[in-house]
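>>> Sequence first, predicted model second:
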Amino acid sequence: MVTTLVQQYFSESARRFPAKLAVSCAQDAISYGELESRTNARARELRRRGARRGDFVPLFLKKGVHAIEAILSILKADCTYVPLDTTSPGPRIESILAATRARQVIVDAATEARLREICPSAARLDVVSLDRAPEDPGDPLDYANLSIDVAYVLFTSGSTGTPKGVMISHQMIVDYIEWCVETYALSDRDVLANHAPLYFDNSTFDLYCAFKTGASLHLVHDDLNLIMPKMISWLRERGVTTFFCVPSVMTILLKSGRLAPDSFPALRHVIAAGEVLPPDVVRRWMELYPDIQFTNMYGPTEITVDCTYHVIREKPDPDATAIPIGKPRRNMEVFVRREDGSLSAEPGAEGEIVVRGNSVAYGYLGDPERTRAAFVQNPRHDLFHDPIYCTGDLGRIGPDGSILFVGRRDQQIKYMGNRIELGEIESVLLKIDGVLEGVVVFNDSPVMDEKCIGALVVLAPGTTKRDVAAALQGRLPAYMVPRKIAVATDMPRTPNGKSDRKVAWDLVFAP
């Protein structure tokens, strides 16, 4: 069977393994057969309630079996799913609902009240609760969608203060998943752990590798993230064979002092992506677990999770400063764009990392200006539409053709696995009453505990740091709120009158 739509992965595995565990989260679990029937019925319900082919349908759900049910149901209704962060403040959710022109939104008993409280526009939407059983039959559906239709939209941080909705099609996901399953030799005997939030693109690997192969998927629930060392015993008890995580998780588990050589008897693969992977952390993991394959992967949301990979076959030297992000995966081409605009993949070349290939996103939903800026025509010709994505990351081509990550071209950062535009935080900061001026800076320390977002502000009389922090907490996701806020009488400036970010960094972070 040729897969053109990603929900077909799940349906085929449900046909082969109807009684097998499909998804679990904490104490909640469901089989492939039951989830197949339930999502068929829910998709019919969405269509009956007015969902039309190509609609963007947000899901406002905490990570769990319900969230997976919503994703599959939306796909089976020939619609596009849009995962929302239930901890985000109302204005951010409202902006996403407006951008998607949503007419339906999926909730459950745990989230419906909060959505209605923080989003006045919810009163105008068809709010579909998964706690109410659908009346429709659970028989298989016919699909009208094509492989080029959009499967999901993930909203990332935007430098203007408005989130950017990255559009990823079915065929882009299929191209990525087929390569992943082949490369990591995944099968129905595997057990995958999903650590990433469902609104973070790393989750694409977990969901669809499991659904294609018929593997069981275990979602990392909130309690494990609150007390991270618990994850060690959880991974062991669940028999997880493949663990895709951000490097921060590897660092935290290592620093817990609870890792032992026999902690993970079933684990075959540890795949890191989303942040810079510290060589010392990898070396110490490899010393503990010589039989696990460790892989460093790289890719922005705009290219369907990852475009390069590097299998770490030898322990990094103690004095190593970086782990390569590797070479392009199948059907992707990666260059560095030099200052003269030319593209190169030759050893020694350095510049902005740009990506071409089948999994490059369509662009940003309803935002042609930012799409044109980031997705540009291949400069090597003008004969047909051939977009390349400009990542803003700087890289250098190593002697063997592997790419080394050098840094960021702009103010975008990666923090705790989340890609963040400092400009978005700054935009929110400057809208707070009593904030006269402000800049946002980041301490990208090699010491994980010292990594921190900070802000330097000039305040009106009567406004305090506590007022600013409280306002930011009400308007930004928790991972974007500056942990350090410093107050200045006057904003430091460069000779051309711009805010001096170097001096601001010193004022916020210097001892």
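In hand now; what should we look at? Residues are numbered from 1 along each chain as shown.

>>> and the residue nearest to the spatial centre of the chain, what is it in contact with?
Residue closest to the average C-alpha location in the chain (CA atoms, centre = their mean): residue 200, at 2.2 Å. The contact partners of residue 200, by CB atoms under 8 Å, 6 or more residues apart in numbering, come to 154, 274, 417, 418. For the C-beta atoms, the positions are set from N, CA and C on the backbone; glycine is no exception.

>>> can you pull out the strands in the stretch 251-400 of the chain?
With strands called from DSSP state E, counting those that start in this stretch, the stretch 251-400 of the chain shows them at 269-272, 293-298, 308-312, 327-328, 332-337, 343-344, 350-357, 375-377, 387-397.

>>> ok, the last one: who's next to it in the sheet?
Using DSSP bridges, the neighbouring strands of strand 387-397 in the sheet come out as strand 350-357 (antiparallel), strand 375-377 (antiparallel), strand 403-408 (antiparallel).

>>> Nearest to residue 368, out of those strands?
Among the strands paired with strand 387-397, the nearest to residue 368 by CB to CB is strand 375-377 (10.1 Å).

>>> quick one: that closest one to chain centroid distance?
On the basis of CA atoms, centre = their mean, to the nearest Å, strand 375-377 is displaced by 22 Å from the centre of the chain it belongs to.

>>> which residues sit against that strand?
With contact meaning CB under 8 Å, 6+ apart, strand 375-377 is reached by 302, 360, 361, 363, 385, 386, 387, 388, 389, 390.

>>> Grab the nearest non-local neighbour of the first one.
Okay, so that is residue 302. Spatially, and ignoring its direct neighbours in sequence, residue 302 is nearest to residue 361 (4.5 Å; CB to CB, 6 or more residues apart in numbering).

>>> hang on, the one you found packs against residue 387?
No: the criterion here is CB atoms under 8 Å, and residue 361 misses it with residue 387 at 9.1 Å.

>>> Of the two, which one has the most company?
residue 361 (26 against 19; other CB atoms under 10 Å).

>>> Contact partners for the more buried one?
Contacts of residue 361 (CB under 8 Å, 6+ apart): 166, 167, 168, 172, 301, 302, 303, 304, 375, 389.

>>> Determine the number of other residues adjacent to the third one.
Taking other CB under 10 Å as the criterion, the count of residues near residue 168 is 26.

>>> ok so, going back, rank the strands paired with strand 387-397 by pLDDT, which is bottom?
Here the lowest mean pLDDT among the strands paired with strand 387-397 goes to strand 403-408, at a mean of 88.

>>> what inclination does that strand have with respect to strand 332-337?
Going by axes from the mean of the first three to the mean of the last three CA atoms, to 10 degrees, strand 403-408 is angled at 50 degrees with respect to strand 332-337.

>>> Give me the mean pLDDT for the helix or strand following strand 403-408.
In the C-terminal direction, the helix or strand that comes right after strand 403-408 (DSSP states H and E) is strand 412-415. Averaged across strand 412-415, the pLDDT comes to 82.

>>> for strand 412-415, packing partners?
With contacts taken as 3 or more CB pairs under 8 Å, 6 or more residues apart in numbering; DSSP states H and E, strand 412-415 sits against strand 418-421.

>>> Contacts for the strand it packs on, please.
Residues contacting strand 418-421 (CB under 8 Å, 6+ apart): 156-159, 200, 274, 300-301, 411-414, 453, 477, 479-480.

>>> how does it look with 7 Å?
Residues outside strand 418-421 that contact it (CB atoms under 7 Å, 6 or more residues apart in numbering): 156, 157, 158, 159, 300, 301, 411, 412, 413, 479, 480.

>>> So for residue 125, what's the pLDDT?
pLDDT at residue 125 comes out at 97.

>>> and residue 135, what pLDDT?
At residue 135, pLDDT is 88.

>>> helix, strand or coil for it?
coil (DSSP: H, G, I helix; E, B strand; the rest coil).

>>> looking only at pLDDT, what's the mean for the helix ranked longest in the chain?
Criterion DSSP state H: the longest helix present in the chain is helix 32-48. Mean pLDDT, computed over helix 32-48, is 98.

>>> list the buried ones in that helix?
32-33, 35-47 (16 or more other CB atoms under 10 Å).

>>> go on, stretch 465-477?
Per 16+ other CB under 10 Å, stretch 465-477 contains these buried residues: 468, 471, 472, 475, 476, 477.

>>> Scan the contacts of residue 200 and report the most crowded one.
The residue in the contacts of residue 200 with the most neighbours, by other CB under 10 Å, is residue 274 (28 neighbours).

>>> that older thread, what subset of the contacts of strand 375-377 is buried?
For the contacts of strand 375-377, a neighbour count by 16+ other CB under 10 Å gives the buried set as 302, 360, 361, 363, 387, 388, 389, 390.

>>> Name the residues linked to the last one by a beta bridge.
To tie it back to what came earlier, the one meant is residue 390. Here residue 390, judged by DSSP bridges, has bridge partners residue 354.

>>> ok, it - contacts?
Going by CB under 7 Å, 6+ apart, the list of residues near residue 390 reads 352, 354, 374, 376.

>>> Check the gap between the third one and residue 167 for me.
Counting by CB to CB, to the nearest Å, the separation of residue 374 from residue 167 is 12 Å.

>>> Just the helices from the stretch 351-500 of the chain, written as ranges.
Ranges of helices in the stretch 351-500 of the chain, per DSSP state H, counting those that start in this stretch, are 368-374, 422-430, 465-473.

>>> list the helices and strands the helix or strand containing residue 166 packs on?
Residue 166 belongs to strand 164-169 when assigned by DSSP H and E. Using 3 or more CB pairs under 7 Å, 6 or more residues apart in numbering; DSSP states H and E, the elements in contact with strand 164-169 are strand 150-156.

>>> can you list contacts of the strand it packs on?
6, 56, 75, 80-83, 96, 100, 163-170, 173, 199, 201, 301, 362, 365, 419.

>>> so that strand versus strand 164-169, what angle?
Using the same axes, to 10 degrees, strand 150-156 lies at 160 degrees relative to strand 164-169.

>>> Quick check: mean pLDDT of strand 150-156?
96.

>>> Run through the residues that contact the nearest residue to residue 126 once chain neighbours are set aside.
Of all residues not flanking residue 126 in the chain, residue 104 sits nearest, at 4.5 Å (CB to CB, 6+ apart). Contact analysis of residue 104 by CB under 7 Å, 6+ apart lists 46, 49, 51, 57, 125, 126, 128.

>>> So for the residue nearest to residue 298 when sequence neighbours are not counted, what's the pLDDT?
The shortest distance from residue 298 to any non-neighbouring residue, by CB to CB, 6+ apart, is to residue 325 (3.6 Å). With respect to pLDDT, residue 325 has a value of 98.

>>> these two touch, right, residue 325 and residue 403?
Yes: here residue 325 reaches residue 403: they are 5.2 Å apart, a contact under CB atoms under 7 Å.

>>> Need the residues touching each of those two.
Common neighbours of residue 325 and residue 403, counting by CB under 7 Å, 6+ apart, are residue 308.

>>> So residue 71: helix, strand or coil?
helix.

>>> for residue 61, that is, sorry about that
Applying three-state DSSP: residue 61 is coil.

>>> give the contact list for it.
67, 70, 86, 106, 107, 108, 111.

>>> nearest to residue 244, of the residues you listed?
residue 67 (17.4 Å).

>>> Could you give the backbone dihedrals for the closest one?
Backbone torsions of residue 67, given as degrees, to the nearest 10, read phi -70, psi -40.
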